[in-house]
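Asker: got a predicted model here, sequence first, then my questions.
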Amino acid sequence: MKVSSSVFASFCLIFELLGLALFLRGFFPVPVKSSFSSKNKLSDLPAEPLAGNGPNSSKVPPPLFKRVVIVLIDALREDFVFGPNGKKYMPYTRHLVERGSTHSFVAKARPPTVTMPRIKALTTGSIPGFIDVVMNLNSPALHEDNLLWQAKTAGKRIVFYGDDTWVKLFPKHFMEYDGTTSFFVSDYTEVDNNVTRHLDSTLKRDDWDMLILHYLGLDHIGHISGPHSSLIGPKLLEMDDVLKKIHAALISKEAEGTLPNLLVRLGDQRSTPAGARPSPEINTPLVLISPAFKRKAGMEKPSVVEQVDLAPTLSLSLGLPISQNSVGRLIPAVFEETSLREQLRVLHLNGYQLSCLLRDSTLAYQKEEGYELFRVAEKSHGNWMKLYLEGNTSETLSNMGRKVLRQYIDALKAMSSALSRQLGKYDMYSMVVGTVLLVQMLLLLLLAMPEALSGAAVVDVPVGVALTSLPFYLLCLLCAALHVALCTSASASCYFCGLPWALVFAAIACSAALACALVTMAARRLAPPTKSPSKVSSPGWELSELDMLLLLGTVGHTLSLGASSFVEEEHQSWYFLLNTLCLAVFQDVCRKYFRERRRASQGGAGGDSDDEEQLLPSCKAAGPDTSPLADLGVSRGSEKWLALATPPLTLACCRLLRSLNQTGIQWAHLPDLSHWLNSGDHKVVLSLLSMASLALVFVLVQRRCSAVSKIALALGLLGVYSYRAAAGSVLFPWQHSSRAASKGTMEARFVYVFVLGILFTGAKDLLHSQLVSAEARLRGRGLWEVYSGVVLLIALLLRPHNLPTLACCLLVQSLMAQFIWKRLHYDAAQTTIMHYWFGQAFFYFQGNSNNIATVDISVGFVGLESYVEAPAIFLTALSSYAGPLLWACHLVCYLSSERDSRSSAALGHGCYCFALLRSVPAVFYVLLVTALRYHLFIWSVFSPKLLYEAMHTLVTALICIFFTFMDQSPSPSRA
């Protein structure tokens with residue numbers, strides 16, 4: 001079956017997406033949960049262990065505290081409290097830690113460290129999965145057993161102020177609440193004032209039992225300018241004053257004969273430089289303050305606990321059952337002032353809950369060390385209880401009780417670790433099936449390279465031969481038998497085994513057909529060529545210096561992903577490759593205009609006319625002029641110097657953009673231009689820079705648009721600036737001071753109207769050229785107007801300090817297209833690889849990284865009053881991949897013009913190269929994370945990068961589909 005290169009590449013990417021989806025489903029584990037749908041109740045609590053046949057007590061342990069106040073400070077680092085600057089920025093908190101009745105801990109939080117998963121971990125005691133990162137955009141109601149449900153069921157009255165994620169997770173749990181959105185990160189003042197303004201009235205009342213405060217300002221400062229910003233100190237002092245006010249109010253409410261109150265101060269995630277969170281475990285401070293604790297005599301080194309340990313500790317200290325799916329273990333220090341019997345009782349309840357969860361999630365639970373230790377401790381506890389109830393008061397009983405206590409602590413630690421390890425159990429069958437499909441697609445792309453890059457750009461896929469061959473049916477039977485054997489004997493659940501049999505056998509048949517097709521194509525490539533005169537005299541492939549650079553750079557970057565440091569600092573690899581590419585292009589330009597031209601002139605004026613035609617720009621070969629300088633009457637002599645200046649100018653732009661946004665891990669804390677521009681003192685400079693960038697965008701884009709689209713583009717860019725001015729990011733010329741910021745919803749919608757108008761105009765021209773006529777000029781204008789609409793939409797989504805990135809992107813595209821790619825006659829494959837490299841570099845120039853925390857989710861709310869899932873996901877993805885998308889769109893425009901002037905196969909070659917460039921690192925990385933699935937940094941470094949690779953593959957597949965659509969239109973020569 002013969003198909004065009006573009007159709008072939010698109011289908012390969014679609015199948016790769018299916019393989020990636022199956023691999024991701026097997027790689028990312030489902031969080032450990034109990035199979036029981038009901039929640040734990042007080043009546044379900046086990047009785048105290050007791051040896052013999054005597055009656056044992058099922059008494060519920062009494063609560064330790066009357067009221068609990070939880071102050072959650074988003075992105076609070078442990079060094080802000082326990083570090084050398086703790087006395088400076090949080091003096092009252094530090095005084096309580098050193099001299100007060102407190103317990104201080106360093107709580108480890110496991111990735112993913114975004115708000116919603118961390119709230120779930122704090123309230124349920126379970127470790128969230130990476131699927132919660134996606135759900136973080138639109139947090140649904142939490143139906144899982146949790147601390148707040150248990151408190152509400154017990155009749156406790158809960159009041160909440162802060163991040164509205166809590167309100168979405170627990171919509172019917174609060175007696176009173178006031179939520180603030182967490183996605184407008186530019187606000188770090190009002191978002192906290194809206195919480196603090198309720199404190200005075202609430203602390204005077206007696207009609208609540210639990211108060212939860214979630215402050216977001218510190219996290220917003222970290223996202224804007226990092227933890228070394230000058231704004232951090234005042235914000236920490238503000239939070240310290242809040243704690244002082246709450247603590248003073250709780251002390252004044254203490255009365256004789258009543259239970260003491262508890263104040264909990266913690267952070268849910270740690271902000272590291274520039275908002276990134278790279279380490280496999282994130283350390284946050286946890287301070288428990290209550291008169292029930294011993295007063296400290298000095299600063300002590302904080303103990304280390306898991307963040308999920310807080311949920312069972314608070315549950316038992318309030319006399320509530322532990323959440324069903326909690327993998328945490330209680331903090332013994334909280335209960336050290338209670339009697340030994342009560343300490344053993346709460347440890348037994350925690351151990352019973354963990355043993356039930358272990359029994360429900362592990363088939364061989366009886367062989368687990370923690371379960372065996374718990375049974376031994378429970379038996380020893382029963383013997384101790386028997387002696388205790390008999391009235392034994394000897395020292396032996398006390399020693400025996402302390403031994404049982406240590407046994408319980410060891411058992412809890414082992415069971416909690418075993419349950420946490422459940423997250424490392426992969427669905428290997430689904431992973432292997434997905435990997436096989438990915439490898440098959442990559443091999444298919446590689447074997448089809450000679451045909452896909454030929455002049456005809458047609459690939460002959462031997463589907464018919466594969467489906468009628470005997471090995472195909474043998475492979476189907478073998479794979480089906482293997483599937484049945486694995487699914488009937490698997491000791492753990494498997495997603496692929498749960499699919500319908502018809503779908504599974506269709507996948508097996510497809511994989512078997514691909515395997516047979518690969519063997520046939522490989523045999524065709526290895527077969528000796530037929531001896532025909534034309535074939536013998538035809539030259540083979542010759543790699544130029546630039547080809548070697550592009551090949552070695554692509555392979556080298558792919559291999560570099562095997563090191564965690566190179567994944568964290570991947571932007572450095574692309575910056576290096578891009579700089580090297582510019583130097584190589586500069587060498588080609590110098591060779592073209594100096595050395596080879598001199599050699600041609602020395603050879604004679606008339607004898608080397610053919611060589612001269614290849615060396616110098618050809619008006620006949622040039623397509624429609626895409627240069628913004630063409631309209632200015634640039635002469636041939638000036639063109640030479642502009643061509644020589646293009647690579648150095650590109651290098652200068654790249655160096656400027658590198659300084660604009662520091663990204664990665666190692667140097668992300670260093671100051672950059674974006675922090676300087678976003679500070680309040682330099683808003684005028686940011687405004688002028690934004691206006692200049694938008695003006696340059698208009699000049700570069702409008703030249704090939706229709707008159708109506710030019711007007712729409714100008715008004716749209718004006719609306720972009722108005723939107724940012726309404727949001728308070730920039731200033732109007734007549735505005736001398738910052739006014740009250742708004743969301744700018746109307747201004748953003750104003751821009752959306754013009755975006756849709758320009759896209760509609762371009763789509764109309766494209767469809768007309770596709771279905772009615774094959775007019776190249778109409779198709780070129782339609783493509784450019786679609787490109788202009790995308791540029792306008794991206795300008796709306798990018799933050800003001802990133803508008804120079806957009807302007808530089810368009811400038812480099814225009815200069816390279818006019819003076820480099822056309823004049824040096826680079827073929828479609830070389831041009832595609834260059835576009836791909838530029839797109840990858842501009843992805844990082846925006847400030848992106850391989851860390852999920854750098855995704856700017858606030859763009860999902862541009863022009864929206866509330867969260868709407870589909871537009872929010874689309875806008876967030878478009879903003880994140882603006883760089884690669886802009887360069888891909890420009891490639892389509894450029895190759896379409898080349899398709900009409902040089903080769904009708906240019907689009908097919910570009911689509912194939914794009915698919916191959918994306919497939920090689922994606923398949924390599926899938927194999928890599930499979931081999932490194934037990935690596936220390938698998939969840940903090942490699943897993944987020946895997947999500948980026950999957951999303952990038954999806955974006956590339958959509959781009960290739962658009963390539964295929966454009967490649968189907970008949971060229972003028974065939975019309």
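Answerer: Ah, there it is. Keep in mind it's a predicted model, so treat the numbers as computed, not measured.

Asker: give me the phi and psi for residue 836.
Answerer: Dihedral pair for residue 836: phi -60, psi -40, per degrees, to the nearest 10.

Asker: how near is the closest residue to it other than its chain neighbours to residue 889?
Answerer: In space, and not counting its chain neighbours, residue 836 is closest to residue 917: 5.0 Å by Cβ to Cβ, 6 or more residues apart in numbering. Heads up, the C-betas are built off the backbone N, CA and C, glycines and all. Counting by Cβ to Cβ, to the nearest Å, the gap from residue 917 to residue 889 is 16 Å.

Asker: hmm, back to that, can you list the buried residues in the helix or strand hosting the residue nearest to residue 836?
Answerer: Using DSSP states H and E, the element containing residue 917 is helix 906-931. For helix 906-931, burial by neighbour count (16 or more other Cβ atoms under 10 Å) applies to 906-926, 928-930.

Asker: how about the strands in the stretch 601-750 of the chain?
Answerer: Counting by DSSP state E, counting those that start in this stretch, the stretch 601-750 of the chain forms no strands at all.

Asker: got any ranges where it has weak pLDDT?
Answerer: Applying pLDDT under 70 to the stretch 601-750 of the chain picks out residues 601-637, 669, 735-742.

Asker: can you map out the helices along it?
Answerer: 609-615, 636-660, 673-678, 683-701, 707-726, 745-771 (DSSP state H, counting those that start in this stretch).

Asker: Throw those into TSV and include distance to residue 252, thanks.
Answerer: Below are those laid out as TSV (distance: least, Cβ to Cβ, whole Å):
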stretch	distance to residue 252
helix 609-615	89
helix 636-660	52
helix 673-678	42
helix 683-701	44
helix 707-726	45
helix 745-771	44
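
Asker: low-confidence bits of the stretch 801-950 of the chain, can you list those?
Answerer: Flagging of the stretch 801-950 of the chain using pLDDT under 70 yields the residue ranges 898-903.

Asker: where does the closest residue to residue 164 other than its chain neighbours land in three-state SS?
Answerer: Excluding its sequence neighbours, the residue lying closest to residue 164 (Cβ to Cβ, 6+ apart) is residue 179, at 2.9 Å. Secondary structure state of residue 179, per DSSP: H, G, I helix; E, B strand; the rest coil, is strand.

Asker: residue 288 pairs with what?
Answerer: Residue 288 has the following beta-bridge partners by DSSP bridges: residue 103, residue 264.

Asker: contacting residues for it?
Answerer: Neighbouring residues of residue 288 by Cβ atoms under 8 Å, 6 or more residues apart in numbering: 102-105, 262-264, 334.

Asker: what residues are up against residue 748?
Answerer: 719, 723, 796, 862-863.

Asker: check these for burial and list the buried ones.
Answerer: Burial by neighbour count, 16+ other Cβ under 10 Å: within the contacts of residue 748 this picks out 719, 723, 796, 862-863.

Asker: and of those residues, the nearest to residue 250?
Answerer: Nearest to residue 250, judged by Cβ to Cβ, of the buried ones among the contacts of residue 748 is residue 862 at 42.2 Å.

Asker: hang on, isn't that closest one packed against residue 794?
Answerer: No. In this structure residue 862 lies outside contact range of residue 794 using Cβ atoms under 8 Å: 11.4 Å.

Asker: against residue 436, how distant is residue 508?
Answerer: 11 Å.

Asker: with adjacent residues omitted, what lies nearest to the most centrally placed residue in the chain?
Answerer: Centroid-nearest residue in the chain, with Cα atoms, centre = their mean: residue 852, separated by 3.0 Å. Nearest residue to residue 852, sequence neighbours excluded (Cβ to Cβ, 6+ apart): residue 944, at 4.9 Å.

Asker: what about the one you found, neighbour count?
Answerer: The number of residues packed near residue 944 is 25, by other Cβ atoms under 10 Å.

Asker: secondary structure element holding it?
Answerer: helix 943-967.

Asker: show me what that helix packs onto, helices and strands only.
Answerer: Using 3 or more Cβ pairs under 8 Å, 6 or more residues apart in numbering; DSSP states H and E, the elements in contact with helix 943-967 are helix 5-27, helix 869-880, helix 882-901, helix 906-931.

Asker: can I get these in a markdown table including distance to residue 83?
Answerer: Putting these into a markdown table (distance: least, Cβ to Cβ, whole Å) gives the following:
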| stretch | distance to residue 83 |
| --- | --- |
| helix 5-27 | 37 |
| helix 869-880 | 33 |
| helix 882-901 | 37 |
| helix 906-931 | 35 |
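
Asker: looking at those helices, which is nearest to residue 387?
Answerer: Taking Cβ to Cβ, helix 5-27 is the member of those nearest to residue 387, at 51.7 Å.

Asker: okay, the closest one in CSV with CA atoms only?
Answerer: Coordinates of each C-alpha in helix 5-27 appear next as CSV, following Å, rounded to 0.1, in the frame of the first residue of the first chain:
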residue,chain,number,x,y,z
SER,A,5,5.1,10.7,3.4
SER,A,6,2.9,13.1,5.4
VAL,A,7,0.0,10.5,5.7
PHE,A,8,2.5,7.8,6.7
ALA,A,9,4.1,10.1,9.4
SER,A,10,0.8,11.2,10.8
PHE,A,11,-0.4,7.6,11.2
CYS,A,12,2.8,6.6,12.9
LEU,A,13,2.4,9.4,15.4
ILE,A,14,-1.2,8.5,16.1
PHE,A,15,-0.2,4.9,16.9
GLU,A,16,2.7,6.2,19.0
LEU,A,17,0.1,8.2,21.0
LEU,A,18,-1.8,5.0,21.6
GLY,A,19,1.4,3.3,22.8
LEU,A,20,2.3,6.2,25.0
ALA,A,21,-1.2,6.3,26.6
LEU,A,22,-1.0,2.6,27.4
PHE,A,23,2.6,3.0,28.8
LEU,A,24,1.6,6.0,31.0
ARG,A,25,-1.4,4.0,32.3
GLY,A,26,1.0,1.2,33.4
PHE,A,27,3.8,3.5,34.5
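
Asker: ok, and the closest non-adjacent residue to residue 509?
Answerer: Sequence neighbours aside, residue 476 is the residue nearest to residue 509 in space, at 5.6 Å (criterion: Cβ to Cβ, 6+ apart).

Asker: keeping just the C-alphas, turn the helix or strand containing that neighbour into PDB.
Answerer: For residue 476, the host element (DSSP H and E) is helix 470-489. Taking C-alpha atoms only, helix 470-489 is exported to PDB below (Å, rounded to 0.1, in the frame of the first residue of the first chain):
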ATOM      1  CA  LEU A 470       1.700 -17.300   7.500                       C
ATOM      2  CA  PRO A 471       3.900 -15.600  10.200                       C
ATOM      3  CA  PHE A 472       1.200 -13.100  10.700                       C
ATOM      4  CA  TYR A 473      -1.300 -15.700  11.800                       C
ATOM      5  CA  LEU A 474       1.300 -17.600  13.900                       C
ATOM      6  CA  LEU A 475       2.200 -14.300  15.700                       C
ATOM      7  CA  CYS A 476      -1.500 -13.600  16.400                       C
ATOM      8  CA  LEU A 477      -2.000 -17.100  17.900                       C
ATOM      9  CA  LEU A 478       1.200 -16.800  19.900                       C
ATOM     10  CA  CYS A 479       0.400 -13.300  21.300                       C
ATOM     11  CA  ALA A 480      -3.200 -14.300  22.000                       C
ATOM     12  CA  ALA A 481      -2.100 -17.300  24.000                       C
ATOM     13  CA  LEU A 482       0.500 -15.300  25.900                       C
ATOM     14  CA  HIS A 483      -2.100 -12.700  26.700                       C
ATOM     15  CA  VAL A 484      -4.600 -15.300  28.100                       C
ATOM     16  CA  ALA A 485      -1.800 -16.900  30.100                       C
ATOM     17  CA  LEU A 486      -0.600 -13.600  31.600                       C
ATOM     18  CA  CYS A 487      -4.100 -12.300  32.400                       C
ATOM     19  CA  THR A 488      -5.300 -15.500  34.000                       C
ATOM     20  CA  SER A 489      -2.200 -16.000  36.200                       C
END
